[in-house]
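> Need a 3D model of the sequence below.
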Amino acid sequence: METDLALSEQLPPLTVHEATVEADRCLYCYDAPCTHACPTHIDIPKFIKKIATRNLRGSAQTIYAANLLGATCARVCPVQELCEGACVLGSEHKPIAIGRLQRYAMDSAKASGVTPRARGVAAGIARKIAVVGAGPAGLSCAGELALRGHDVTVFEKRELPGGLSTYGIIALREPVDVAIDEARMIEGLGVKIRTGVEFGRDVTLERARGEFDTIVLSVGLGATPALGIEGEEAIVDGLAYIEMSKTDAASLRVGRNVVVIGAGNTAIDCATIAKRLRADRVTMVYRRTVSEMTCYEHEYLFALSEGIEFRFLAQPVGVVMKDGEVAGLECLRVELGKPDATGRPAPVVVAESEFVIEADQIVKAVGQVKPNQEKTGLAAAMGLKTEKGYIAVSADFETSVAGVYAIGDCVRARGAASTVMAVQDGKVAARAIEAKLSAVAAEVK
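This next block holds a predicted model:
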């Protein structure tokens, strides 16, 4: 798919010389902090050492052993908060560019056709497994199970596989082609990915239970929640804004004076798109202060470097229309009060403090609705217990119904949701499924 040049990958790939020089800087720490900081526990010193010795095939296999979606994670992981943030060189020197080195190894693997090695499966326990959702968690789980010899089918209701990697992450960080290529690699392991098929409608629960031995749900989250303000129908959905910038940038309408409501990483992405696609002014509106923003600090600093403005302590209350067109966002000034359920200071509206921020386009990026599974009725239809709107699972990701597992954002009742955590969920669930199938097979014997 074509991407506007303004939204092409932010960092160029490393050259052979650059990668070798950077790899040679690594101290190859014993019990390395960077590996502990990686949610998928990639042996980072090992894969970097192999780059230094020009063994790129071995480097890729080291990454694949821990993370089948290494190409995606190399681009979208918040490395500043994870592996690079833990690098021992970071305290007094510049940390190793782990993310860019991982991308270098994964790009080399793609170019040379290097794929993950089979994990192996105990004789007689290969089973048919359905994975619902072709996002990072689902693809990770499906790939791991296929490498163990199982017959895996992934059902994806969208036209393309990849989930948020394809549709919801700005191309500046991950182009569509990278996510699609990675999904095709998973297919090459023997996984069948059926797109345009909605589980529970096109494939009934009764059919799935009769055809598959195990079902794994990786259904993500829902749509952006409503703000409940007057004129909201004129506001653009942030996820749709990002999706169109990746799949049909030429048709994306970008205002000259854009206001983005929200302060998370998705909001930063929306503001960046507007700025890079030639908006004259982009303002992010948030009802708390910079200290409570949910985006990563490096993303906030990046937004500032792009020339994006911020209006803090502002509560949107309505859209100002003029001649049928958006003319501004009406807000109230707020002050911070006592902590609310999130643990952050609650915004308290200041009476008679109305003001208007001029805008000809308003984008809403205030997070996704948590109970996607309740919205679709999938959890209820399958008789699954939920927790705070998420599917409840055990430490092995098994739901309250035996043989049904759930992974990824739809179970993230605790902790941060991220691509790399979703990948780890898929890996852990695959191991748990394998162990359970092995135990059942042993009992039968």
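> Run through the bridge partners of residue 345.
Beta-bridge pairing for residue 345 (DSSP bridges): residue 339.
> in the protein, which helix or strand is least confident?
When the helices and strands of the chain are scored by mean pLDDT, DSSP states H and E, helix 372-376 comes last with a mean of 47.
> after that one, next one along is what?
helix 378-381 (DSSP states H and E).
> Could you identify the helix or strand that succeeds that next one?
Defined by DSSP H and E, the subsequent element after helix 378-381 is strand 386-387.
> Let's test this: mean pLDDT of that following strand, rounded?
Averaging pLDDT along strand 386-387 gives 90.
> List the neighbouring strands of it plus their orientation.
Checking strand 386-387 against DSSP bridges gives partners strand 390-391 (antiparallel).
> Just the mean pLDDT for the partner strand, thanks.
The model assigns strand 390-391 a mean pLDDT of 91.
> do the same with stretch 284-299
95.
> Contacts for that stretch, please.
Stretch 284-299 is touched from outside by 78, 80-81, 259-265, 267-268, 271, 300, 303, 308-316, 329, 331, 334, 336, 344-345, 347, 357, 367, with contacts defined as Cβ atoms under 8 Å, 6 or more residues apart in numbering. (Each C-beta comes from the backbone N, C-alpha and C, glycine too.)
> Try it again at 6 Å.
The contact list for stretch 284-299 (Cβ atoms under 6 Å, 6 or more residues apart in numbering) reads 78, 80, 259-261, 263-265, 268, 271, 310-312, 314-315, 334, 344, 347.
> Could you point out which residue ranges in this protein have low pLDDT?
1-3, 121-124, 368-376, 413-416, 441-442, 444-445 (pLDDT under 70).
> Quick check: longest helix in it by residues?
helix 419-444 (DSSP state H).
> For that helix, list every residue counted as buried.
Residues of helix 419-444 classed as buried: 419-434, 436-437 (neighbour count, 16 or more other Cβ atoms under 10 Å).
> domains for this structure, by residue range?
5-112, 128-222+369-444, 232-364 (automatic domain parsing).
> possible to save those as a markdown table with distance to residue 120?
Listed next are the domains of the chain as a markdown table, based on distance: least, Cβ to Cβ, whole Å:
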| stretch | distance to residue 120 |
| --- | --- |
| domain 5-112 | 13 |
| domain 128-222+369-444 | 7 |
| domain 232-364 | 37 |
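> So for residue 118, which of those sits nearest?
domain 128-222+369-444 (5.2 Å; Cβ to Cβ).
> now the closest one: how far from the chain's centre is it?
In terms of Cα atoms, centre = their mean, to the nearest Å, the centre of domain 128-222+369-444 is found 14 Å from the chain centre.
> Equivalent analysis for stretch 33-42, please.
That offset, for stretch 33-42, works out to 18 Å (Cα atoms, centre = their mean).
> Show the end-to-end separation of that stretch, please.
End-to-end span of stretch 33-42 (Cα to Cα, to the nearest Å): 11 Å.
> What helix or strand is residue 154 located in?
Judged by DSSP H and E, residue 154 forms part of strand 151-156.
> Tell me which strands that strand pairs with, and in which orientation.
Strand 151-156 is paired, per DSSP bridges, with strand 128-132 (parallel), strand 192-195 (parallel).
> Specify the angle between it and helix 419-444 in degrees.
Taking axes from the mean of the first three to the mean of the last three Cα atoms, to 10 degrees, one finds that strand 151-156 is oriented at 140 degrees with respect to helix 419-444.
> Not counting strand 151-156 itself, show me its contacts.
128-132, 134, 138, 142, 145-146, 191-195, 197, 199, 203.
> Which among those residues count as buried?
Members of these classed as buried by 16+ other Cβ under 10 Å are 129-132, 134, 138, 142, 145-146, 191, 193-194, 197, 199, 203.
> neighbours around residue 395, how many?
Residues lying near residue 395 (other Cβ atoms under 10 Å) number 7.
> Next, give phi and psi for residue 159.
Dihedral angles phi and psi of residue 159 (degrees, to the nearest 10) take the values phi -70, psi -30.
> Count the residues that sit near it.
10.
> ok, now which ones touch it?
Going by Cβ under 6 Å, 6+ apart, the list of residues near residue 159 reads 195, 196.
> For residue 196, see how far away it is.
Going from residue 159 to residue 196 by Cβ to Cβ, to the nearest Å gives 6 Å.
> picking that back up, of the contacts of stretch 284-299, grab the buried ones for ChimeraX.
Buried residues within those, by 16+ other Cβ under 10 Å, are selected in ChimeraX with:
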select :78,80,259,260,261,263,264,265,268,271,310,311,312,314,315,334,347
